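Q: Sequence first, then the predicted structure:
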2 protein chains.
Amino acid sequence: MKRETTEIRQEQIKKAVLDIIFNEGLDRLSTRNLAYKVGITEGAIFRHFKSKRDIILSIMQDVQTNLISDLRTIALSAESAEQRLFSFLCKQCTYLIENKGVTILLFTEAAHMNDRALKEHLREILIEQKSLIGKIVKDGMSEGLWNTKLNVDDVTTMYMGIPITLNIELTLNHERFDRDNFCRRMFSLLQHMLSIQNQKRM
Amino acid sequence: MKRETTEIRQEQIKKAVLDIIFNEGLDRLSTRNLAYKVGITEGAIFRHFKSKRDIILSIMQDVQTNLISDLRTIALSAESAEQRLFSFLCKQCTYLIENKGVTILLFTEAAHMNDRALKEHLREILIEQKSLIGKIVKDGMSEGLWNTKLNVDDVTTMYMGIPITLNIELTLNHERFDRDNFCRRMFSLLQHMLSIQNQKRM
DNA sequence: ACATTATGTAAGTAAGTGTTTATATATCTT
DNA sequence: AAGATATATAAACACTTACTTACATAATGT
């Protein structure tokens, strides 16, 4: 029997987790099925992770180190607020589309397991994203680009609806969802919302 | 032992489902725990519902007949588009806040069970809501109230982010979430987005 | 070449899952 | 009051769950 290092097995196991969620649904995410997918026995799984919960936490950590750090780079770059907001939105959408399993896992498992640490972790990921968007919005206001009368927190709340809705539509509609220029279309609406305007009516 | 009609037991069982989800998490939603909560034995559960899946489908049906019919009434009423949009949003938010268990159940169980019929049902609920909002938006445009250049589908997609985000924040933040005037604040942003405007910049 | 260590397996654990069966009894109808 | 029916129970069903144990062997360092 061929043997692999813990590092390689951990990657294989995490990859298999996302694969199962995407192709078979969360209720098929058992250690038995997981072991079968990786091509090892159930016992071997627990050689590389001390529990199933630990696998999920490790995947969350990956999101933290991959997606969030990319988003941080975009939010803090030297470009215009407008350009940064667009790049930020595109990055989020691309990630959600390419890592569908991850987001299903995060959102549903937090509610499902009723696990405080897991929920807290997810909460931090969302809060961090919101604070980065908040920075971009504030910068855009300072630049005289956007309406300073808007409440920044409200704008970020509204903004976060976009990736979350995208995720739900992807889950439910699978391939029927119209993702062409999704970022561009949503960005255009955000611009209307943020713009300094002379309203014709109240 | 006291006996109740199937109708009463069905209501008690469905109530217990939402109770368990809210207070203990979805993973504690076993027929055993359910029976214990209602105060009957497991076997009795299956006298009133033919399967656990049927209980969830029945709850979905309740959402359909309660929430959706209320929303339809609002959307098709004689009031102004502006007033209808606000009432619609408020109704949705109130329902989500008062029936947290329901929405956790719907969103997560669809992904979890990978159940086509269940997913389809949820998809229909969302599509129906979107089409009602679409009608309000189109009416508002005809009334000369809102920007006719906006894509109605995009607006409804953006709109749907609001209740969905609210739901996620409620799940994760529990009581820390600032729900004061939530509808009013989000509605104000929607108005900015929809308004006919003279933009100062592109 | 040999002892050590990391990675594996096969078979088990106890507890939990949704569901069914055989049986009892409360309630309703006649 | 007697019979029919609906509602209950207790106990089991066959199966799955995450996880553990005892033991084996491939890879590694000396």
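A: That came through fine. What you are looking at is a predicted structure, and each value in this text was computed from that prediction instead of being measured.

Q: Quick check: phi and psi on residue A:195?
A: Per-residue torsions, residue A:195: phi -70, psi 150 (degrees, to the nearest 10).

Q: ok, it to chain B distance?
A: 5 Å (C-beta to the nearest C-beta, to the nearest Å). The way it works is simple: take the backbone N, C-alpha and C, and place the C-beta from them, glycine included.

Q: so where is chain A shaky, pLDDT-wise?
A: Within chain A, the stretches with pLDDT under 70 are A:1, A:198-202.

Q: and if we set it to 90?
A: Low-confidence segments of chain A (pLDDT under 90): A:1-2, A:22-27, A:97-122, A:164, A:167-180, A:197-202.

Q: Outline the domain layout of it.
A: According to automatic domain parsing, chain A is divided into the following domains: A:1-50, A:52-194.

Q: near DNA strand D at all, the longest helix along chain A?
A: In chain A, with assignment by DSSP state H, the single longest helix is helix A:116-142. No. On the criterion C-beta under 7 Å from any atom of the strand, helix A:116-142 is out of touch with DNA strand D, staying 13.0 Å away.

Q: Just want the residue of chain A that's nearest DNA strand C.
A: Per C-beta to the nearest atom of the strand, residue A:43 is where chain A lies closest to DNA strand C, at 2.9 Å.

Q: so how many other residues sit close to that residue?
A: If you count neighbours by other C-beta atoms under 10 Å in any protein chain shown, residue A:43 ends up with 9.

Q: pretty sure it is in a strand, no?
A: No. Residue A:43: not assigned to a strand; according to DSSP: H, G, I helix; E, B strand; the rest coil it is helix.

Q: and the residue in chain A positioned nearest to chain B, what does it touch?
A: Taking C-beta to the nearest C-beta as the measure, the point where chain A comes nearest chain B is residue A:161, at 1.9 Å. Listed by C-beta atoms under 8 Å, 6 or more residues apart in numbering or on different chains, the contact partners of residue A:161 are B:158, B:160, B:161, B:162, B:164, B:165.

Q: 6 Å - rerun?
A: Neighbour list for residue A:161: B:161, B:162, B:165 [criterion: C-beta atoms under 6 Å, 6 or more residues apart in numbering or on different chains].

Q: Please apply the same query to residue A:135.
A: Contacts of residue A:135 by C-beta under 6 Å, 6+ apart are residue A:75.

Q: Return the residues of chain A in contact with chain B.
A: Applying C-beta under 6 Å from any C-beta of the partner chain, we find that chain A lies next to chain B at A:25-27, A:104, A:108, A:111-114, A:119, A:123, A:154, A:158, A:160-162, A:164-165, A:171-172, A:185, A:189, A:192-193, A:195-200.

Q: Tell me where chain A has helices.
A: Along chain A, the stretches classed as helices by DSSP H are A:6-24, A:31-38, A:42-48, A:52-63, A:69-75, A:81-98, A:100-113, A:116-142, A:152-173, A:182-194.

Q: And DNA strand C, is the first one touching that?
A: Just to be clear, that refers to helix A:6-24. Yes. Applying C-beta under 7 Å from any atom of the strand, one finds that helix A:6-24 is in contact with DNA strand C at A:6, A:9.

Q: if we look at that helix, which residues are touching it?
A: Where contact means C-beta under 6 Å, 6+ apart, the residues beyond helix A:6-24 that reach it are A:28, A:29, A:34, A:37, A:38, A:48, A:59, A:100, A:101, A:104, A:105.

Q: circling back: can you select the buried ones from the residues of chain A next to chain B in ChimeraX?
A: Typed into ChimeraX, the line below selects the buried ones among the residues of chain A next to chain B, using 16 or more other C-beta atoms under 10 Å in any protein chain shown:
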select /A:25,26,104,108,111,112,113,114,119,123,154,158,160,161,162,164,165,171,172,185,189,192,193,195,196,197
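
Q: Around DNA strand C, pick out the residues from chain A.
A: So chain A meets DNA strand C at A:1-6, A:9, A:39-44, A:47-48 (C-beta under 7 Å from any atom of the strand).

Q: out of these, who's near DNA strand D?
A: Applying C-beta under 7 Å from any atom of the strand to those, one finds that A:1, A:2, A:3, A:42, A:43 fall near DNA strand D.

Q: Close to DNA strand D: what parts of chain A are there?
A: A:1-3, A:28-33, A:42-43, A:46, A:50-53.

Q: what about 10 Å?
A: Residues of chain A lying near DNA strand D by C-beta under 10 Å from any atom of the strand: A:1-5, A:26-36, A:41-47, A:49-56.

Q: I'd like to know which of those residues are buried.
A: Buried members of those, counted by 16+ other C-beta under 10 Å: A:26, A:28, A:29, A:31, A:34, A:35, A:45, A:49, A:52, A:55, A:56.

Q: Report the contact partners of the fifth one.
A: With contacts defined as C-beta under 6 Å, 6+ apart, the neighbours of residue A:34 are residue A:16.

Q: re the thing from before, looking at the ones next to DNA strand D among the residues of chain A next to DNA strand C, which is nearest residue B:93?
A: For these, the minimum distance to residue B:93 (C-beta to C-beta) is 45.0 Å, reached by residue A:42.

Q: ok, and the closest non-adjacent residue to that closest one?
A: Ranked by C-beta to C-beta, 6 or more residues apart in numbering or on different chains and with sequence neighbours excluded, the top spatial neighbour of residue A:42 is residue A:35, at 4.5 Å.

Q: List the contacts of the one you found.
A: Neighbour list for residue A:35: A:41, A:42, A:45 [criterion: C-beta under 6 Å, 6+ apart].

Q: now swap in residue A:132 and tell me
A: So residue A:132 contacts A:71, A:75 (C-beta under 6 Å, 6+ apart).

Q: what's the closest of the buried ones among the residues of chain A next to DNA strand D to residue B:76?
A: residue A:26 (37.5 Å).

Q: Surely that closest one is in contact with residue B:112?
A: Yes. Contact between residue A:26 and residue B:112 holds when scored by C-beta atoms under 6 Å: they sit 4.4 Å apart.

Q: hang on, the earlier thing: what separation is there between the residue nearest to residue A:42 and residue A:48?
A: Applying C-beta to C-beta, to the nearest Å, the value for residue A:35 to residue A:48 is 11 Å.

Q: swap in residue A:104?
A: 23 Å.

Q: Then residue A:126?
A: Distance, residue A:126 to residue A:48, by C-beta to C-beta: 29 Å.
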